[in-house]
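In: Would you be able to build a 3D model of this:
(one chain, ligands or ions: 1)
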Amino acid sequence: MARRVVIDEEACVFCGTCAEICPEVFRLNEAKQKSEVIKPEGGPTDLIQEAIDSCPASAIRWQDE
Ligand code: SF4
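Out: Below is the predicted model of the structure:
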């Protein structure tokens, strides 16, 4: 089963950690003051997992498709 990376925008506190760790997948949306996923499937899994583990708001997670 495929997995996608999703961000709970309500929970995101716009700290920038995820985009710093894995800019290929996460981008800070300045207008929304939230992080967004720009590449849900194709990113480096280890860096995505590191971002998940590092998010202070626990706002990033895998979602099964
Ligand atoms: S690490 Fe978490 S709280 Fe910080 S910008 Fe990314 S999703 Fe938002």
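
In: and stretch 37-52, how far apart are its ends?
Out: With CA to CA, to the nearest Å as the measure, stretch 37-52 spans 12 Å from end to end.

In: Can you show me the strands along the protein?
Out: Assigned by DSSP state E, the chain shows strands spanning 3-7, 26-29, 34-37, 60-64.

In: pLDDT (mean, whole number) over the last one?
Out: When the per-residue pLDDT values of strand 60-64 are averaged, the result is 94.

In: and it, does that touch the ligand?
Out: Yes. Counting by CB under 6 Å from any ligand atom, the ligand is contacted by strand 60-64 at Ile60. Using the backbone N, CA and C atoms, a C-beta is placed for each residue, glycine as well.

In: Give me the sheet partners of that strand and which way each runs.
Out: Paired neighbours of strand 60-64 in the sheet (DSSP bridges): strand 3-7 (antiparallel).

In: Now the strand it pairs with: buried residues?
Out: Neighbour counts using 16 or more other CB atoms under 10 Å place 5, 7 of strand 3-7 among the buried residues.

In: Now do the helices in this structure.
Out: In the chain, the helices defined using DSSP state H lie at 17-21, 45-54.

In: Pick the most buried one from those.
Out: Compared across these, helix 17-21 shows the largest average neighbour count, a mean of 19 (mean count of other CB atoms under 10 Å).

In: and the closest residue in space to Asp8 that isn't next to it in sequence, what does it touch?
Out: Of all residues not flanking Asp8 in the chain, Ala59 sits nearest, at 4.5 Å (CB to CB, 6 or more residues apart in numbering). Ala59 sits next to 7-9, 11-13, 35 when contact means CB atoms under 8 Å, 6 or more residues apart in numbering.
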